[in-house]
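Colleague: below: sequence and its predicted model.
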Amino acid sequence: MFTLDGNNFGDLPWHITSIENLARAQKFWPENPIITGEEFHYPFGIDMFGALFVKLGVPLESLFPITGFVCGLMFLCTLYLWGQGFAVGGFLFSGGFAGYKIFTNGYFNDYQADLAWKNLPLALYITQRGFLYAFPVGLLVFWSWRRRFILKEEGLPFWMEGFFWGSMPLFHVHTFLVLSAVFAYWVLSTKQIKEGLRVFFVAVILAAYEMLRLTDGFKRASILKWKPGWMIQNPNGPYLYFWDAFLFFVQNYGLFFPLTIFSLWAALKFRTKERWDLVIVPAAAIFAVCLFVLFAPWDWDNTKLMAWSYILALPAIWDLALRPMMVWFRLPLVVSLFLSGFVCLFSVYNGQGFQLYQRDVIEAVCNDLSEIPHESRIAIAQVHNHPVLLCGHMVVAGYAGHLWSHGIPGHEIIEDKLNRLMRGDGDWLVLASQVQARYLFWGPEEIRSFPSSTKPWETTKKVLAEGAWGRLYDLGE
């Protein structure tokens, strides 16, 4: 099994793990499959949706492309509803100037990949499966709220807006934060408090429960971090910082950068009947906050918020900056806006892609371990596409990059104990008890990760299952 997009190489195995595990789960709220002693504090809504189909017998090889196609079609429809063709093109072909390198070598490549602002479909939409729900539903809510609060027209029923808003944390927390911030700005700016409260009271019941569970009672709020400049590098010292920032915006965002500045100025100056100032101002404010505050451990994850600023601003950019131009000038400008993103997006078809796993190995492991109780933890090497994970079993500790990016506290302690256990240290049985490892998997990944292990379980513990993939040992209660 391959994925064409390299950005998806690490993320897709995690979603396979999540879906397969939720399909096996016995209770709700579920436990976290990749770390001992933790509940799920990751927005798993789209994976739970997929797990329903897995329980009905739909294979993942069919589920992923069908879900992607249907949700992608809904997203394109809501993009068109929000900002017509320019919004569709602006998302698909997002980028800056990097893609112009094709004129130097004639080769399609993802030239934005090494920059902070990447092509959104490749770097964000394909990898962040929560956006399959968050983008179309979020855009539908924004469209309805704009009609309700700004244009004074009819939108969705208020209870539907509240339900979509309130359900968002289970699918994508960053989108929930953006929806909440823009809702507050629009309600207060238009002074429609009474109308806004109707929507709020429907949403708050769902959202409060979900946020409490996802943040472990808001104990995870420490993920917020002050970092002025975001990913802007400053190699030339403090006196040239503004020049570095200017180059950063030009290189990353290309012509979108000056067009957005002009649109913001025009929206505030002219305040047309469409009131684009009420749309582009909160979009710019959210973007500005992301330049100073991190909302996730990885700096780049702020793009999950910035993407919404970009999408919200697209119809204003078209209406205020591009539509008034003469066609003979507007057409080449739009082509130049979209060229870099098109080059990056088309580059995904170069080559065979990146191998996720071998199907015969996964099928053998899943079959041989099918009788393992769901709640039992298995000690494995911390590899992102490990067969045990892809079968949906609970492990002591999964891939370290996933644990860190999910903001799981104290995972280093469990990882250290797991490593000592797998090396066969003298107190390995005590360590196994401390990390709740009922079983130990020993296969090719473990041999590579722990080549000097003494493997004391080989002579003291029962082999529960074995095959070409390796052995599973029962460590006992």
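Modeller: That came through, no problem.
Colleague: does the residue positioned nearest the centre of the chain sit in a helix, a strand or a coil?
Modeller: The residue lying closest to the centre of the chain (Cα atoms, centre = their mean) is residue 128, at 3.0 Å. Following DSSP: H, G, I helix; E, B strand; the rest coil, we place residue 128 in the coil state.
Colleague: wait, it touches residue 301, no?
Modeller: No. Using Cβ atoms under 8 Å, residue 128 makes no contact with residue 301, being 9.3 Å away. For the C-beta atoms, the positions are set from N, CA and C on the backbone; glycine is no exception.
Colleague: domain boundaries for this structure, per the record?
Modeller: Per the record, the chain has its domains at 2-47+357-474, 63-349, by automatic domain parsing.
Colleague: in stretch 12-27, what's buried?
Modeller: Across stretch 12-27, burial judged by 16 or more other Cβ atoms under 10 Å covers 12-25.
Colleague: with mean pLDDT and distance to residue 57 added, can I get the domains of the chain in JSON lines?
Modeller: Supplementary listing: the domains of the chain in JSON lines, determined by pLDDT from 0 to 100; distance: least, Cβ to Cβ, whole Å:
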{"stretch": "domain 2-47+357-474", "mean pLDDT": "93", "distance to residue 57": "10"}
{"stretch": "domain 63-349", "mean pLDDT": "92", "distance to residue 57": "10"}
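Colleague: can you put those in JSON lines and add distance to residue 54?
Modeller: Formatted as JSON lines, the domains of the chain follow (distance: least, Cβ to Cβ, whole Å):
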{"stretch": "domain 2-47+357-474", "distance to residue 54": "4"}
{"stretch": "domain 63-349", "distance to residue 54": "7"}
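Colleague: can you show me the strands along the chain?
Modeller: Remark: strands assigned in the chain by DSSP state E are 2-3, 225-226, 293-294, 354-355, 377-379, 394-395, 437-442, 462-467, 470-474.
Colleague: to residue 113, which of those strands lies closest?
Modeller: strand 354-355 (13.5 Å; Cβ to Cβ).
Colleague: list the contacts for residue 260?
Modeller: Counting by Cβ atoms under 8 Å, 6 or more residues apart in numbering, residue 260 makes contact with 253, 280, 284, 313, 317.
Colleague: and which of those residues is nearest residue 411?
Modeller: residue 253 (35.3 Å).
Colleague: which residues sit in contact with the closest residue to the closest one other than its chain neighbours?
Modeller: Spatial nearest neighbour of residue 253, excluding adjacent residues (Cβ to Cβ, 6 or more residues apart in numbering): residue 96 at 5.0 Å. Listed by Cβ under 8 Å, 6+ apart, the contact set of residue 96 reads 112, 115, 117, 250-254, 256-257, 340.
Colleague: change it to 10 Å
Modeller: Taking Cβ atoms under 10 Å, 6 or more residues apart in numbering as the criterion, residue 96 is in contact with 111-112, 115-119, 248-257, 337, 340-341, 344.
Colleague: filter those to the buried ones?
Modeller: If we count by 16+ other Cβ under 10 Å, the contacts of residue 96 have these buried: 111-112, 115-119, 248-249, 251-257, 337, 340-341, 344.
Colleague: where's residue 404 relative to residue 217, distance?
Modeller: With the distance defined as Cβ to Cβ, to the nearest Å, residue 404 ends up 21 Å from residue 217.
Colleague: helices of the stretch 251-400 of the chain, residue ranges please.
Modeller: Assigned by DSSP state H, counting those that start in this stretch, the stretch 251-400 of the chain shows helices spanning 256-270, 277-290, 303-317, 327-346, 359-368, 387-390, 400-405.
Colleague: try the stretch 101-250 of the chain
Modeller: Secondary structure of the stretch 101-250 of the chain (DSSP H, counting those that start in this stretch): helices at 102-105, 120, 131-145, 158-171, 173-190, 193-214, 241-253.
Colleague: among these, which is the most enclosed?
Modeller: Neighbour counts (mean count of other Cβ atoms under 10 Å) averaged over each of the helices of the stretch 101-250 of the chain peak at helix 120, with a mean of 26.
Colleague: okay, the strands of the chain in TSV with mean neighbour count and distance to residue 42 next?
Modeller: TSV is the format used below for those (neighbours: other Cβ atoms under 10 Å; distance: least, Cβ to Cβ, whole Å):
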stretch	mean neighbour count	distance to residue 42
strand 2-3	16	20
strand 225-226	9	19
strand 293-294	16	18
strand 354-355	14	23
strand 377-379	24	18
strand 394-395	27	15
strand 437-442	24	22
strand 462-467	14	29
strand 470-474	19	27
